[in-house]
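> starting from these lines, generate the structure:
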Amino acid sequence: MIGTESVSFRWINCQCFEIRLPNGKTILTDPCYDFKENPEVPLAGLFQLKGFKTSDLEGCDYVILNHTHGDHIANLGEVIRRFSPKVICHSGVAGEIASVYEDMELTSIYPVDYDGTYYFDGFKLETFHGEHKPQRFTWRRSMEEGDIISQDPRLTRLHTLGGLFNMNYLLTFDHGFRIAFVGGTNDGMEERLRTLRPNIVLRNKLTNEMDVERVAKDWCYVMEQSYAQLVIPMHFEVWENQNPGFSDQTFCRANELAEEKGLICRILSPKRTRWYTIHMNVVCRESRAKDLH
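As a prediction, the model looks like this:
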């Protein structure tokens, strides 16, 4: 058997993944895991991974931000202080990031725009417009309420901008392996995935419903439309914290539905902080031609 490693990754919390590239570089997405509890907003605790610290991260050369709500950047400041990474973000929030994280060198911020292609050490980044799930409040109300996750007043404007600037993207590693990162609503990503043909799609949860059969059907649809070999759900920590076991049941049922439909794609039910490695293996099987004579 001949084998090569394509990529290693782990889901940490919310939309935060630690991705280790074949060349040793590490990408961190949307850093949010542990933060100060807010007794006035108990719901905020459902987005938390208690006990996981920035010191538990194994590396971070790049941070890529889908958007800047508190449940996506609560620990960004700690990550910047420990690793001094390149922070890749939409140009619409780059200036605010520079003003908030004032110890950063300006060239550590890498602004990008939609429908762009950018090249880094070990990967290519292609960006696409993203749209956040519906938010039924105004700019003024968001600025008045602030970020209930981090409770950091410096992040109020970034939190509000998070509803405006959402960025999906495709990572293509040097050996051609592809990971698509899709947050928020569909926003045309189904059509894009038909041509992108990623190996893996990281997709945030589609609904807050708690009905196994209904949610499994939704995920089966994602698998069908992803044109990938593997779908990895993210941002379902609320299920994990509120109803342990629901996500495992749901993703298991989604795989059963996919098998019934003859789909190649499967869904992984990732365990938070556990590392996974994707390998490509070639197995030589002896010819049985001699048995035919």
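
> residue boundaries of the strands in the stretch 51-200 of the chain?
62-64, 86-90, 109-112, 117-120, 123-130, 166-173, 178-182, 200-204 (DSSP state E, counting those that start in this stretch).

> those strands: which one's closest to K50?
Proximity to K50, assessed across the strands of the stretch 51-200 of the chain by CB to CB, is greatest for strand 200-204 (21.1 Å). Glycine gets a C-beta too; all of them are placed from N, C-alpha and C.

> in the sheet, which strands lie alongside that closest one, parallel or antiparallel?
Partner strands and pairing direction for strand 200-204 (DSSP bridges) are strand 178-182 (parallel), strand 230-234 (parallel).

> from these, which stretch is densest packed?
strand 178-182 (a mean of 25; mean count of other CB atoms under 10 Å).

> about what we covered before: could you dump the strands of the stretch 51-200 of the chain to JSON lines with distance to F52?
Below are these laid out as JSON lines (distance: least, CB to CB, whole Å):
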{"stretch": "strand 62-64", "distance to F52": "16"}
{"stretch": "strand 86-90", "distance to F52": "20"}
{"stretch": "strand 109-112", "distance to F52": "25"}
{"stretch": "strand 117-120", "distance to F52": "26"}
{"stretch": "strand 123-130", "distance to F52": "25"}
{"stretch": "strand 166-173", "distance to F52": "23"}
{"stretch": "strand 178-182", "distance to F52": "21"}
{"stretch": "strand 200-204", "distance to F52": "19"}
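
> right, and those strands - which one's nearest F35?
Here strand 62-64 is closest among the strands of the stretch 51-200 of the chain (CB to CB), at 16.7 Å.

> now do that closest one: everything it contacts.
25-31, 76, 79-80, 85-89, 120, 125, 169, 181 (CB atoms under 8 Å, 6 or more residues apart in numbering).

> show me where the stretch 151-293 of the chain has helices.
156-161, 189-196, 212-226, 237-242, 246-260 (DSSP state H, counting those that start in this stretch).
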